[in-house]
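[1] Quick one, fold the following:
(one chain, ligands or ions: 1)
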Amino acid sequence: MGFIRYYGGEINKSVPIRDALSLYMGVRCGNRKYIRCPSPDHDDKRPSAAIYDNNNICKCYSCGAVFTPLKVVMTAKGCGYREACRALIDDFALDGRCFEEQGRNGKKGREENGFPLTVSELRDIGLCGAMSSRTDDGACSPTILDAWKEDRTYAEELLDGKCGESLKNAEALAEACGRQMTDMYAMHGEAYWDSAEKIYDAWKGCRNAYITELRNRVGSFERSPDGRANVDRIVDIKRASASEEKMLERIADEFGIEKPQRITLSQKQQEKCVSFLLLCGAAEDLARASDGLNRIREISEKIRKAKTKEKEYDCLQH
Ligand SMILES: [Zn+2]
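    Numbers count the residues shown, from 1 in each chain. Below is the predicted model:
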């Protein structure tokens, strides 16, 4: 067997950076954008590193370190480039033929003959942690990838079954959310929602104007020579207040700043605002449920394709 050259760029594209961080460094990124810097040379006290899903990298804004999936493996294992390439191909069951110069068949990506799903997709169909054998107590258990390498048909059946269950649940949820949304809408005529939206927008506009007015007043107060003595007090209030809104209200009280006229709503208008917000909430629930449903449909399609691919591959072999 000769010297194998790896296509690191392609490997980096085939493993989501979040999955690499989770598997090799035990970083639980979830959907968060910022995490603590994964560099061992940086004792990061706050999340200074951002995850860029589009470029599939993690970049620290404090020390400047940039992590690709391969860099994650090299850092975590203290190994070189070739070993890291091999690790990602094996651990993520990538189709090695697509990433090595020998036998390279011109096609790229995990869809060809490798494991079809990412860690996040496994999580979406209820196989949480199924790709990583690392548990909190350090014990190792067989993973779905181990199963895939041992007995592909069994692993596919497992994926298929889990995906079917999730699909049913997601469909039921999307249907329930859809019903709730349409019921709510049907409760009143179109004109009702139209005016409810207008009242809510007007109320929100006035509220924002009030906050802006307060902010301007505090700003000019801080800048004025007379106000300087009180700046320390303002800073104290800022520290003690959880939110900016609360802070502004406290400053207004403390320094006797008169509140601008606020809009008052009649009982009926208040009710309309509340129903409008509930309708917005129901619409958001529906959108979220549909997103989840579409995601699981895509996963189902990927599993189906992987099964077909394998059959085609079998046919070619015989
Ligand atoms: Zn850093």
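[2] Phi, psi for Phe67 please.
    phi -120, psi 120 (degrees, to the nearest 10).
[3] does it have beta-bridge partners, and which?
    The partner list for Phe67 in beta bridges (DSSP bridges) reads Cys58.
[4] so what's it up against?
    Ile17, Leu21, Pro38, Ser39, Ala49, Ile57, Cys58, Lys59, Thr75 (Cβ atoms under 8 Å, 6 or more residues apart in numbering). For glycine as for every other residue, the C-beta is placed from the backbone atoms N, C-alpha and C.
[5] What is the nearest of those residues to the ion?
    Proximity of the contacts of Phe67 to the ion (Cβ to the ion) peaks at Ser39, which lies at 4.7 Å.
[6] doesn't that closest one fall inside a helix?
    No - Ser39 is assigned coil when assessed by DSSP: H, G, I helix; E, B strand; the rest coil, not a helix.
[7] Apart from its neighbours in sequence, what residue is nearest it?
    For Ser39, ignoring the flanking residues on the chain, the nearest one in space by Cβ to Cβ, 6 or more residues apart in numbering is Ala65 at 4.3 Å.
[8] Would you confirm that that neighbour contacts Pro40?
    No - counting by Cβ atoms under 8 Å, Ala65 stays clear of Pro40, with 9.9 Å between them.
[9] Quick check: what element follows the strand or helix carrying Asp146 along the chain?
    Assigned by DSSP states H and E, Asp146 belongs to helix 144-150. Counting by DSSP H and E, the next helix or strand C-terminal to helix 144-150 is helix 152-187.
[10] Excluding covalently adjacent residues, which one is nearest to Arg28?
    Nearest to Arg28 is Ser22, by Cβ to Cβ, 6+ apart, at 6.5 Å.
[11] Distance check, that neighbour against the ion.
    18 Å (Cβ to the ion, to the nearest Å).
[12] ok, now which ones touch the nearest residue to Gly96 once chain neighbours are set aside?
    Distances taken as Cβ to Cβ, 6+ apart place Ile89 nearest to Gly96, at 5.0 Å, with adjacent residues excluded. Taking Cβ under 8 Å, 6+ apart, we find Ile89 in contact with Tyr6, Ile11, Gly96, Phe99.
[13] show me which of these neighbour the ion.
    Among the contacts of Ile89, no residue sits close to the ion (Cβ under 5 Å from the ion).
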